[in-house]
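Engineer: coordinates only, no sequence provided:
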Ligand SMILES: Nc1ncnc2c1ncn2[C@@H]1O[C@H](COP(=O)(O)OP(=O)(O)O)[C@@H](O)[C@H]1O
Ligand SMILES: CC(=O)OP(=O)(O)O
Ligand SMILES: [Mg+2]
């Protein structure tokens, strides 16, 4: 299967039909119902399975989604529904494009659970529930990893024993692909360079960077799992792998404890106790030293990736900030790119503070853009693309 990256709206034609998009995360379900590009309904069910939360599990969360839709006369039983699009986080090397869900596809997504134990089971729960409710309806899986399937072996390969790596499917896959696909395309268009060279910084709770050229992804910061790369809300990002050995051998931690430490008690939360960037910035403004260190570690890592991806691309047309932090934090944008004028990178303070679409000065060689991501719209587009191709074929 080949990657179908870089597609524009033109490639798939207009969006026709009504699609329900389910973005089932480890602790939340986001949904959106679209008629063409028009949003009919959307919402989020959060804190699934957390202590004290009224939402016990994903099944319960999906029932809430179904009820919310039904209450608005837009229930899952609606004959007008054309398809359901599901975000699936890990597609391994098996899935490099959106795929119509069958029994066999479900089985293959199950086989990938060991590579994404936090995410794929949640995605599968969503798929199972909606297939039970609407077995007649085409359902499509849109994979986070798919957009990154074009990265070269040089970028995808970890320098470890090849036999071990191949047998155990250890390589870099990358995540947040629908966001990187959408934002890189929007950013290139926003600066009048469709097909240009783009660095995307997706900064949400999870965070990742990518280098995209001509609509193809060349590099991305997440690896075999969504733990590698940037500093995140609760995840460490890059780390000397020997730290893991040390924690086991010297500190006597179990693998589950280390997993929990690196995925849930690290990143901004580990550094200063807060994983919400708004809280970190408030403390920073009040002179809190832990928040200052956390913020500087976060921005330093970002700057390193910008430099690295500049080198990977050779030339850069636009650096795009997206995700809750990237879209809303002028301070992160300013600090991460501070002092890079010699590379043609600069941020205009007034534009940046106002959060304009382009926040670099007019004469900057490299544009800096703020591009709100829209994973649900991208999933809907890709879902309808598959449906129309299936119908034609
Ligand atoms: N105005 C803001 N300033 C700084 N950070 C913000 C702002 N608004 C939201 N954020 C941050 O965005 C992050 C969540 O990003 P989002 O993309 O919504 O997450 P998710 O990965 O769960 O989709 C949180 O850390 C939140 O603090
Ligand atoms: C793959 C991943 O990191 O997703 P999220 O940011 O939604 O946790
Ligand atoms: Mg997100």
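Structural biologist: Alright, I've got the coordinates. The structure displayed is predicted, hence computed values, not measured ones. Ligands and ions are numbered 1, 2, ... in the order given.

Engineer: just how off-centre is stretch 218-232 within its chain?
Structural biologist: Relative to the centre of its chain, stretch 218-232 is centred 10 Å away, using C-alpha atoms, centre = their mean, to the nearest Å.

Engineer: is that stretch in proximity to ligand 2?
Structural biologist: Yes - counting by C-beta under 6 Å from any ligand atom, ligand 2 is contacted by stretch 218-232 at residue 226. From N, CA and C alone the C-beta is placed, and that goes for glycine too.

Engineer: and that stretch, anywhere near ligand 1?
Structural biologist: No - applying C-beta under 6 Å from any ligand atom, one finds stretch 218-232 separated from ligand 1 by no less than 8.7 Å.

Engineer: quick one: end-to-end distance for stretch 269-289.
Structural biologist: 14 Å (C-alpha to C-alpha, to the nearest Å).

Engineer: tell me the buried residues in it?
Structural biologist: By neighbour count on 16 or more other C-beta atoms under 10 Å, the buried set for stretch 269-289 is 269-272, 274-275, 277, 280-281, 283-284, 288.

Engineer: of all those residues, which two lie farthest apart?
Structural biologist: Across those, the longest distance by C-beta to C-beta is 17.4 Å; it joins 270 and 281.

Engineer: check which helix or strand covers the residue nearest to residue 349 when sequence neighbours are not counted.
Structural biologist: Of all residues not flanking residue 349 in the chain, residue 334 sits nearest, at 7.1 Å (C-beta to C-beta, 6 or more residues apart in numbering). Assigning secondary structure by DSSP states H and E places residue 334 in helix 330-337.

Engineer: past that helix, which element shows up next along the chain?
Structural biologist: Next helix or strand after helix 330-337 toward the C-terminus (DSSP H and E): helix 349-354.

Engineer: list the buried residues of that next one.
Structural biologist: Under the neighbour-count criterion of 16+ other C-beta under 10 Å, helix 349-354 has 351-352 buried.

Engineer: which secondary structure elements does the following helix or strand past that helix contact?
Structural biologist: Counting by DSSP H and E, the next helix or strand C-terminal to helix 349-354 is strand 367-370. Secondary-structure packing of strand 367-370 (3 or more C-beta pairs under 8 Å, 6 or more residues apart in numbering; DSSP states H and E): helix 177-190, strand 318-322, helix 330-337.
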